[in-house]
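**Student:** fold the following.
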Amino acid sequence: MDLSPTPAMPDAFKSSAFDGTDAEERPRLPDTEGMARFREGLALLEPGRARVGQAFLRPAHVVDGDTDIVAVARVFQTRRASCVLVRLGEGVSRLGIFTTTGLQRAILDGRPLAELPVRELAAAPLVTVDTDASLFDALSLMIKHQVHRLVVTDGERVAGLLEQLDALSFVSNPSYLITVQIVQAGDLQTLEKSAARITELVVQLHRGGTHVGQIGQLVQQLNAKLFERAWQLVAPPELVSRSCLFVMGSEGRGEQLLRTDQDNGLVVGDGVDPEAAEVSSACERFSAALERFGYPECPGGVMVRNAAWRRGAADFAATSRRWLLQPEPEGLMALAIFLDAHAVAGDASLLAGVRAELDGLVASDDALLGRFAMAVDAFPEAGASAWWTRLPGLGEHGRHALDLKKAGIFPIVHGVRSLALQQGLGATSTARRLEALVATGTLPRDLAADVLGSLHLLMRLRLDAGLAELDLGLPVSGGVQPRSLSTLERDLLQDALAVVKRFKAVVRHHFHLDA
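**Tutor:** Numbering: from 1, shown residues only. Below you'll find the predicted structure:
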C-alpha cells in the first residue's frame, strides 16, 4: 500500500527565535543536567565530536597466561565473548589478546587443547586507545593496524573493548548498538540503561524526520528484545522454554512510541502450573523489572503478575471464548487487547494455538463479530458541536487537553481489528491489517490509505505532546493541548477526525450495527 508520510510542520515555523524579543532580554538556560544531555545528543548527531568512552564498550575478560584453551573456550561460551585478554605479566602493557581466530590456530596446532596454554597463541602487544580519544581516531587505528577491535584504557585501567562494528554502528545505526547491549546484558541494571536509550532513540529519530510508523516498528522490535532478555534473566530456563511471553495493545501492534502501561501475558505449556511458586515469583520479578525500566503498572492489571493473565493454553482458549460469548464490556475489552498479542519470548506456538482456536470460533458467527465491533462507538461523538469542530478557537476549550486516543486512535484500531478478525487475518499491526483488508477487497484502497494516514498523524501529535511533557520533567499524559498546535496541525487534525467519522460509519454499515 502506498502511504505517504503526513507532512510535518517545519521546525523553523515553531521557533521562538523570531518572536520580537531582543536576544539579550531572553532568559538564559542554566547549565543543568538537561543541558549535559543536550550536548551528548549533539555528539551523537555530529560523530566527529564523539569520544570512544561514549560508544558501546564490550566487557574485557582477563585470563591467566597458563590457562588452557579448553578453559578459554568455556569463557567464550559462558560470557558470550569472542576474545579474552591474556595476562602475560604486570600492567596493561603486559597483556595479550586471544580471539576466536586464535582458537582456530590452536585446533590446527595438533596438540591436546586441554594441555595447550593460551599464552602461546596470544597476540601481543595490544593496540590500545584512550576513552577520551576521538571515535574516528579509533577507527583510523583499526585500519592502520588491520585489527577489528581495540583495547580501551582509562589511565592504567582497562575500560573495555571497542569492536569495529560497534564503532561504525555508533555513528550510523544506534538501534544496532541498543540491540547488542540488550542481548549482551547480564543483569537488570544494564537493561534499565538500554530501556532509557530506546526513548533517546525515539527522540533522535522523530526530530530527525523519521516517520512515526517506521519508529513504531523499530521500537516494537527493540522492546521485544528488551522484554525477552529481562524474562531470561528473571525466569528459570525451563520455564522460558515451556511458555510464551507475549505483549498486547499498542506494544503488540508496533504502535507504541513512548513507554506506557504494561500489557503482557504468559501462556504456559503442558505440565507447567501457572500458579506454582516458581512461576508466580518469576512473573512478579518480571513486572517489577518493567516498572524499573519505566513501564508503569497497568491500572487494569493486564500483566503477568496478575494470575488472570498467566494461564495454560487450554485455559486461555476457554477464557477467550468466554470473553467473546458473554456480552460484558470488560470481557470484550480484554478480548480486544488479546487479539493484538505478539510473542516476544519462549514457545510462540503456544500463543498461536490459542489464537487459532479463537479464529475458528468467530469465523461464521456474525452476531458475535457485530457485538465485538460495537466498541468502535465506545467514545461517541458529540455531533456538530464536538470539540474538534472548534479547534481553531482557543477560548475556554483551549485549556483542556484532547484525548486523541479516544477521539481517533481507538476507533481506527478497533474498527480495523474487528474487520481483520472477521477475515481471519493473523496480522497484529494496524498497517498490516489494512494492507490485508485491501487485498481481500474488504476495504477500498483509498479509504485504507486515509485511515492509516490519519492514525499516523494522531500518533505523531501524541508523540510531540509526550516529548514536550518529558522535556518539562512531567509524566506522559497522552493528552494534547490545542494551543500547542500550529494552524496547519489543527487543519490536519480536523481532516483526520473527519476520516475517523467516515470510517466508523463504514464499520457500522459492514457489521449492520445501525439496524
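**Student:** doesn't residue 477 fall inside a helix?
**Tutor:** No - under the criterion used here (DSSP: H, G, I helix; E, B strand; the rest coil), residue 477 is coil, not part of a helix.
**Student:** from what I see, it and residue 470 are in contact.
**Tutor:** No - look at residue 477 against residue 470 with CB atoms under 8 Å: they stay out of range, at 10.8 Å. The way it works is simple: take the backbone N, C-alpha and C, and place the C-beta from them, glycine included.
**Student:** list the buried residues in the biggest helix by length in the chain.
**Tutor:** Using DSSP state H, we find that the single longest helix of the chain is helix 445-471. Burial within helix 445-471, assessed by neighbour count using 16 or more other CB atoms under 10 Å, is assigned to 447-467, 469.
**Student:** and stretch 325-334, what's buried?
**Tutor:** In stretch 325-334, counting by 16+ other CB under 10 Å, buried: 331-334.
**Student:** from those, pick the one nearest residue 418.
**Tutor:** Closest approach between the buried residues of stretch 325-334 and residue 418, by CB to CB: residue 332, at 10.6 Å.
**Student:** for that closest one, give me phi and psi.
**Tutor:** When read as degrees, to the nearest 10, the backbone of residue 332 gives phi -70, psi -40.
**Student:** contacts only, for it.
**Tutor:** By CB atoms under 8 Å, 6 or more residues apart in numbering, the residues touching residue 332 are 323-324, 371-372, 375.
**Student:** now do residue 303
**Tutor:** 262-265, 287, 297, 309.
**Student:** so which of the residues you listed wins on neighbours?
**Tutor:** residue 264 (29 neighbours; other CB atoms under 10 Å).
**Student:** could you check the pLDDT of that residue?
**Tutor:** Note for residue 264: predicted pLDDT of 95.
**Student:** equivalent analysis for residue 213, please.
**Tutor:** As predicted, residue 213 sits at a pLDDT of 87.
**Student:** so what pLDDT did residue 178 get?
**Tutor:** pLDDT for residue 178: 84.
**Student:** now do the one 5 residues further on
**Tutor:** Residue 183 is assigned 87 on the pLDDT scale.
**Student:** measure it to residue 297 for me?
**Tutor:** Noted for residue 183: a distance of 27 Å to residue 297, by CB to CB, to the nearest Å.
**Student:** what do you get for residue 368?
**Tutor:** 32 Å.
**Student:** got the contact list for stretch 105-118?
**Tutor:** Residues contacting stretch 105-118 (CB under 8 Å, 6+ apart): 63, 65-70, 72-73, 84, 86, 98, 102, 121.
**Student:** oh, I was asking about stretch 274-286
**Tutor:** Contacts of stretch 274-286 (CB under 8 Å, 6+ apart): 230-231, 234-236, 239, 245, 266, 268, 272-273, 304-305, 307, 310-312, 315.
**Student:** roughly how far is that stretch from the heart of the chain?
**Tutor:** The chain centre lies 24 Å from the centre of stretch 274-286; the measure is CA atoms, centre = their mean, to the nearest Å.
**Student:** in it, what's buried?
**Tutor:** Quick answer for stretch 274-286 (16+ other CB under 10 Å): 274, 279-280, 282-283, 285-286.
**Student:** possible to save those residues as JSON lines with pLDDT and secondary structure?
**Tutor:** JSON lines is the format used below for these (pLDDT from 0 to 100; DSSP: H, G, I helix; E, B strand; the rest coil):
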{"residue": "274", "pLDDT": "92", "secondary structure": "coil"}
{"residue": "279", "pLDDT": "95", "secondary structure": "helix"}
{"residue": "280", "pLDDT": "95", "secondary structure": "helix"}
{"residue": "282", "pLDDT": "96", "secondary structure": "helix"}
{"residue": "283", "pLDDT": "96", "secondary structure": "helix"}
{"residue": "285", "pLDDT": "96", "secondary structure": "helix"}
{"residue": "286", "pLDDT": "96", "secondary structure": "helix"}
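**Student:** what comes into contact with stretch 230-240?
**Tutor:** 185-188, 191, 243, 245, 268, 272, 278-279, 282, 285-286, 289-290, 293, 344-346.
**Student:** so which of the residues you listed are in strands?
**Tutor:** With strands taken from DSSP state E, the overlap with the contacts of stretch 230-240 comprises 243, 245, 268, 344-346.
**Student:** with distance to residue 257 and neighbour count as extra columns, can I get these in JSON lines?
**Tutor:** Listed next are the ones in strands among the contacts of stretch 230-240 as JSON lines, based on distance: CB to CB, whole Å; neighbours: other CB atoms under 10 Å:
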{"residue": "243", "distance to residue 257": "28", "neighbour count": "28"}
{"residue": "245", "distance to residue 257": "22", "neighbour count": "29"}
{"residue": "268", "distance to residue 257": "31", "neighbour count": "24"}
{"residue": "344", "distance to residue 257": "18", "neighbour count": "25"}
{"residue": "345", "distance to residue 257": "22", "neighbour count": "23"}
{"residue": "346", "distance to residue 257": "26", "neighbour count": "24"}
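**Student:** farthest-separated two in the residues you listed?
**Tutor:** 268 and 344 (15.1 Å).
**Student:** just flag the most distant two among the contacts of residue 303.
**Tutor:** 265 and 297 (14.5 Å).
**Student:** now do the strands in the stretch 51-200 of the chain.
**Tutor:** Listed in chain order, the strands of the stretch 51-200 of the chain (DSSP state E, counting those that start in this stretch) span residues 62-64, 83-87, 95-99, 128-130, 149-154, 157-163.
**Student:** buried among the contacts of stretch 274-286? Make that a ChimeraX selection.
**Tutor:** Remark: buried members of those, expressed as a ChimeraX selection using 16+ other CB under 10 Å:
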select :230,231,234,235,239,245,266,268,272,304,305,310,311,312
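**Student:** so which of the contacts of stretch 274-286 sit within strands?
**Tutor:** Using DSSP E, these in strands are 245, 266, 268, 310-312.
**Student:** perfect, that will be all.
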